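S.K.: need a 3D model of the sequence below.
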Amino acid sequence: MIADEPYRELVYGDVKVPYLPNYYHNTIVCYSFSKSLSLPGERIGYILVSPKAEEPVALYQAVCGAGRALGFVCAPALFQYMIPSVLGMTSDLTVYDTNRKLLYDALTSYGYEAVNPDGAFYLFVKALEPDANAFCERAKDYELLLVASDSFGCPGYVRISYCVTTEQIERSLPAFQKLAQSYGIG
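M.R.: Numbering: from 1, shown residues only. Sure thing, here's the model as predicted:
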């Protein structure tokens with residue numbers, strides 16, 4: 001099992017994310033500090049090969065070989081020195097939580113269907129037409145940048161990031177309402 005866990009600590013309320021190597025011995029965990037520390041675009045993290053995996057040394061060597069073959073290099077020295085001092089820390093999740101609630105409550109009040117997330121900083125909203133890509137294109141007319149979620153396994157939905165300032169969320173709400181109204185909703 002390959003567990004992609006860059007959002008592991010970004011959860012709200014009493015949600016607990018299980019540590020998969022405790023349950024599945026043949027597990028590889030891929031982790032990035034860029035999400036938990038709000039370092040967008042930075043690529044610093046690790047790959048953990050469970051010592052309980054079948055042939056863990058061979059698996060580890062394969063991971064290392066793949067990294068070299070793909071041309072990955074070490075993260076910047078500054079981040080390598082910084083990471084040990086911030087282990088176990090996260091960004092202030094109250095900002096994300098505020099944005100999550102604000103966006104979810106407003107959009108559902110306008111007539112959108114949305115999944116209220118328990119973690120990360122993305123809201124999945126059902127597109128107001130069958131083609132999510134076409135919906136994203138129409139949203140651009142209202143200066144909204146949405147991402148069709150087909151490639152995330154959620155066809156017919158769009159992904160909205162709320163890892164921005166609360167003021168940006170507040171300023172976007174009239175545009176979301178006008179977009180809904182353009183479909184005869186809200």
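S.K.: packing partners for the helix or strand Leu173 falls within?
M.R.: Counting by DSSP states H and E, the element that carries Leu173 is helix 166-182. Contact analysis of helix 166-182 by 3 or more Cβ pairs under 8 Å, 6 or more residues apart in numbering; DSSP states H and E lists helix 93-109, helix 132-140 as its packing neighbours. Quick note: C-beta positions are derived from backbone N, CA and C, even for glycine.
S.K.: again, 7 Å this time
M.R.: Under the contact definition 3 or more Cβ pairs under 7 Å, 6 or more residues apart in numbering; DSSP states H and E, helix 166-182 sits against helix 93-109.
S.K.: what helices or strands is the helix or strand just after the helix it packs on leaning on?
M.R.: Once the chain leaves helix 93-109, the next helix or strand it forms, by DSSP H and E, is strand 114-115. The helices and strands touching strand 114-115, judged by 3+ Cβ pairs under 7 Å, 6+ apart, are helix 93-109, strand 122-126.
S.K.: from Asn26, how far off is the residue lying farthest from the centre of the chain?
M.R.: What lies farthest from the middle of the chain is Glu55; by Cα atoms, centre = their mean that is 31.4 Å. Going from Glu55 to Asn26 by Cβ to Cβ, to the nearest Å gives 9 Å.
S.K.: how is this structure carved up into domains?
M.R.: For the chain, automatic domain parsing gives the domain ranges 2-86, 93-182.
S.K.: starting at the chain centroid, how far to the longest one?
M.R.: When you say that, I think you mean domain 93-182. 14 Å (Cα atoms, centre = their mean, to the nearest Å).
S.K.: alright, I will stop here.
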